[in-house]
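**Student:** When you get a sec, could you give me coordinates for this:
(2 chains)
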Protein chains: 2
Amino acid sequence: MGVGYICCTSSSSSSSTLLTYKPKQLFNLANPTTTSITSQSHFKTSTNFYSISCTSSSFLPLKCGAGIDIRETQDENTSNPMMGIHNINPDLLQQMVYDALVWCSLHGLVVGDKSVQNSGIVPGVGMKHAPFALLPTSFPQTQWQQACDLMCIFNELIDRVSLDGNFLQDTLSRTKRVDVFTSRLLDIHSMMLEIKKKEEIRLGLHRSDYMLDDQTKDLLQIELNTISSSFPGLGCLVSELHSNLLNHYGDHVGLQSGRVPGNTALTGYADALGQAWKEYNDPRAVVMVVVQTEERNMYDQHWLSTVLKERHAVTTIRKTLAEVDSEGELLPDGTLLVGGQKVAVIYFRAGYAPSDYPSESEWEARLLMECSSAVKCPSISYHLAGTKKIQQELAKPNVLERFLENKDEIAKLRKCFAGLWSLDDPHAVRDALERPELYVLKPQREGGGLVISDLFHLILLISNSCCFSRKKIK
Amino acid sequence: MGVGYICCTSSSSSSSTLLTYKPKQLFNLANPTTTSITSQSHFKTSTNFYSISCTSSSFLPLKCGAGIDIRETQDENTSNPMMGIHNINPDLLQQMVYDALVWCSLHGLVVGDKSVQNSGIVPGVGMKHAPFALLPTSFPQTQWQQACDLMCIFNELIDRVSLDGNFLQDTLSRTKRVDVFTSRLLDIHSMMLEIKKKEEIRLGLHRSDYMLDDQTKDLLQIELNTISSSFPGLGCLVSELHSNLLNHYGDHVGLQSGRVPGNTALTGYADALGQAWKEYNDPRAVVMVVVQTEERNMYDQHWLSTVLKERHAVTTIRKTLAEVDSEGELLPDGTLLVGGQKVAVIYFRAGYAPSDYPSESEWEARLLMECSSAVKCPSISYHLAGTKKIQQELAKPNVLERFLENKDEIAKLRKCFAGLWSLDDPHAVRDALERPELYVLKPQREGGGLVISDLFHLILLISNSCCFSRKKIK
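**Tutor:** Predicted coordinates for the structure are as follows:
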């Protein structure tokens, strides 16, 4: 079994992006006051909707669909926007929405509907279309390519940081005192350090979230997710939806289908999981997805399992942390059995939030898995390397140099750091209070989308952001 | 514009079929008492579930899914069934059901959920998996091929019958007196006869329903649908679902994926509609689907529109009969405009039941369309030619000879006639009362599935059958 790591990267989004060469032609969905009508719920950005940053926004409930609204993004530098929603004939717009809803239904771009019982437990019941942006957002091609290029460097960085146990422990030592959750993760990490546990096969499925600064057009990183990076399945479908809509309506809305970049996140994720499974080298072993008890985003996960099966003939099982605790067994050689099945790869789509650990049982499951020889995506080290506190530390002078040698790569990373200050920085706090429009609040942990629902309408474009630390927009 | 007709045929079912050479190996899903658990609703066969006829049946609610149960069919001649559900490991069975539910969700094998508001109006909300049979039913290849071969002859027959206005009027004259609905259809038909209206392009999308006689293994026709023949979309998906499941589990259940025959009903329907549209010869004209106000089977229809668009770049509009009445306009040259759009082809997925005509408005719409030059699928003649009364008449001695010349073809048709008696035949009534197990009741009109819900558990295999006339099974 060779030493190595596999990092699969998605810098794509759950909306798709339309490449343009000229930032001045950033797509502008401006004030759509002529369109209409009823809506069941307010617009909610799906996690990690990347876009140009916007300075004004409004919502437009449409006749069709559950909670579909149209978001406008306004590029102040754009004196001559390509096409605004307000320029589209309302009947045509209605038809596009209808077609999009049909497309979602027929192509599995769906989620569980909270209002229907069991929709987060049993597949095939209580489904509705996933929330989506009707049209792709223009995004400058240079910065798009920059984001893609950066991912390899970030993956290398995360891997090297994960191998530096002392750096992780030291950097998070203060957090450990105030955050019980991170403290428990650090305890597991300490135990692994003590027993000198080595992860010979390391798998990261990372997603880096960016915003484009409104004025400078700089690409700025919001965060890098190392655990439960979601939407490879649905995100790819949104790209396909946009291509399909523009095939039929592109001429009417002034957008070209051919300029929607292909999104290969799903096959990328599946291939990475398949490769890790192959490295583990046991044809009878399975990939285990660690899931929450209820999961209305299950179809995103099912797409991944489906493609993994199709492309690599690898079987997936789904277990909650509690099930792993009750059914799990560690053999003397480190082999993890769950429900009698040998586990080659553990893919976490749960375990990133305190609510995923309601009892000691779940923590015992996490420890059991960490002690095993199964490939963990992520390992406890990768998980910790993705915390905001580590991100903040890496942004300090001379810290990147501890992990990377190539000065060019270091410069590239640093260029996309937006600035991150903790709440114990009095200057940052004062400045933020004086100029709140320049800052956003971000949680230390993952799954921020659940925490910041009240702030959705204020900070539309950063659904994973908010709360304990801060990120200066410019 | 040439004179001609296009008939697209589906002899496939909403379940799929597994071909076998030996009738003795008919697939047997026998008493699955070891599997389990909870279910939200009772089993309901989807419309037109063809299968071998069964002499015993039972239901098994499963843990997953909304109203999924397992139906057993018992072939009394089969002493050594290939594999029964009761022989499948319960965990494996559960896993197959789960995988099937996921497959349905990701691949658009869905319907609207009656319990969710708007699920029959707005696409993308209140969806659930369509009801499906978990495994294909074995069916002898010879009879399968026989059914496929018969379809061309039936299409020819329907077309010739439709051209014989007097035959239709005479045969249905007694029905006219007792059935207001058929009477209204006949009135429109009379008007067309009076003005000598010719349908230069005739399009039939027919579906012929069969049962296999339990003892003789004869293929017997239940009915032939000439209006609103549904499930080309979902039916093809069920075949794909079965192939997919057998790819993964075939070895465990003793069935081969490769023996599930391909189902091309969807592309066949789309190509036929595309061809009719092309014959109409106006690139700006659309195909209009006449729909019910609420339609929970809308995704079956959307699949057809989607494939029609993909393969033939033809746009579809959807209108209720009331909308056709309010938005429709007939130009002096016979051109039909609806909402200002020229209609090349009218495809009826409504209009077959009295409830589709709640007011005079809907009848006016039907007449307007019939008077137009648009290709009607079906025309009033095709519609009438599909009534049970006509089917009964055609089964009488020497009647087929009025329409067909080829003796071999006539013999083939007659061989699949099961026997059909009206309630005014005292001998048939007496015999049915004495031996009720040999008869089923069938309605004169279409959409019988809605009428016979109470009888579902008695006559499992003939969901479109029942009520006013009778069919002797053997």
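**Student:** now residue A:349, nearest residue through space, not along the chain?
**Tutor:** Using Cβ to Cβ, 6 or more residues apart in numbering or on different chains and skipping the chain neighbours, the partner closest in space to residue A:349 is residue A:228 (5.0 Å). For every residue, glycine as well, the C-beta is placed using N, CA and C.
**Student:** ditto for residue A:171
**Tutor:** residue A:393 (4.7 Å).
**Student:** can you list the residues of chain A near chain B?
**Tutor:** Residues of chain A found near chain B (Cβ under 8 Å from any Cβ of the partner chain) are A:64-66, A:98, A:101-108, A:110, A:113, A:116, A:122-129, A:248, A:299, A:302-303, A:305-306, A:309.
**Student:** So which of the residues you listed are in strands?
**Tutor:** Secondary structure defined by DSSP state E assigns A:110, A:127-129 of the residues of chain A next to chain B to strands.
**Student:** Report the two of those separated the most.
**Tutor:** A:127 and A:129 (8.2 Å; Cβ to Cβ).
**Student:** which residues do those two both contact?
**Tutor:** A:110-111 (Cβ atoms under 8 Å, 6 or more residues apart in numbering or on different chains).
**Student:** Next, format the ones in strands among the residues of chain A next to chain B as TSV and append distance to residue A:174.
**Tutor:** Formatted as TSV, those follow (distance: Cβ to Cβ, whole Å):
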residue	distance to residue A:174
A:110	43
A:127	44
A:128	43
A:129	44
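**Student:** Show me which of those are buried.
**Tutor:** Among these, those classed as buried by 16 or more other Cβ atoms under 10 Å in any protein chain shown are A:110, A:127-129.
**Student:** Let me have these in TSV, extended by pLDDT.
**Tutor:** Listed next are those as TSV, based on pLDDT from 0 to 100:
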residue	pLDDT
A:110	98
A:127	98
A:128	98
A:129	98
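**Student:** Any idea how many residues pack against the residue nearest to residue A:171?
**Tutor:** Around residue A:393 there are 19 other residues, counting by other Cβ atoms under 10 Å in any protein chain shown.
**Student:** next one: residue A:87
**Tutor:** Neighbours of residue A:87 (other Cβ under 10 Å): 17.
**Student:** Return the distance of residue A:290 relative to residue B:323.
**Tutor:** 50 Å (Cβ to Cβ, to the nearest Å).
**Student:** who has more neighbours, these two?
**Tutor:** Taking other Cβ under 10 Å, residue A:290 and residue B:323 do not tie; residue A:290 has more neighbours (25 against 19).
**Student:** Run through the residues that contact that one.
**Tutor:** A:319-321, A:324, A:346-351, A:369.
**Student:** Let's see that with 10 Å instead.
**Tutor:** Counting by Cβ atoms under 10 Å, 6 or more residues apart in numbering or on different chains, residue A:290 makes contact with A:228, A:318-321, A:323-324, A:338, A:346-351, A:356, A:362, A:365-366, A:369, A:376-377.
**Student:** Would you mind checking the residues you listed for buried ones?
**Tutor:** Using 16+ other Cβ under 10 Å, the buried members of the contacts of residue A:290 are A:228, A:318-321, A:323-324, A:338, A:346-351, A:356, A:362, A:365-366, A:369, A:376-377.
**Student:** got the end-to-end distance for stretch A:280-299?
**Tutor:** 27 Å (Cα to Cα, to the nearest Å).
**Student:** do stretch A:280-292 as well
**Tutor:** 25 Å.
**Student:** Work out the gap between that stretch and the centre of the chain.
**Tutor:** In terms of Cα atoms, centre = their mean, to the nearest Å, the centre of stretch A:280-292 is found 22 Å from the chain centre.
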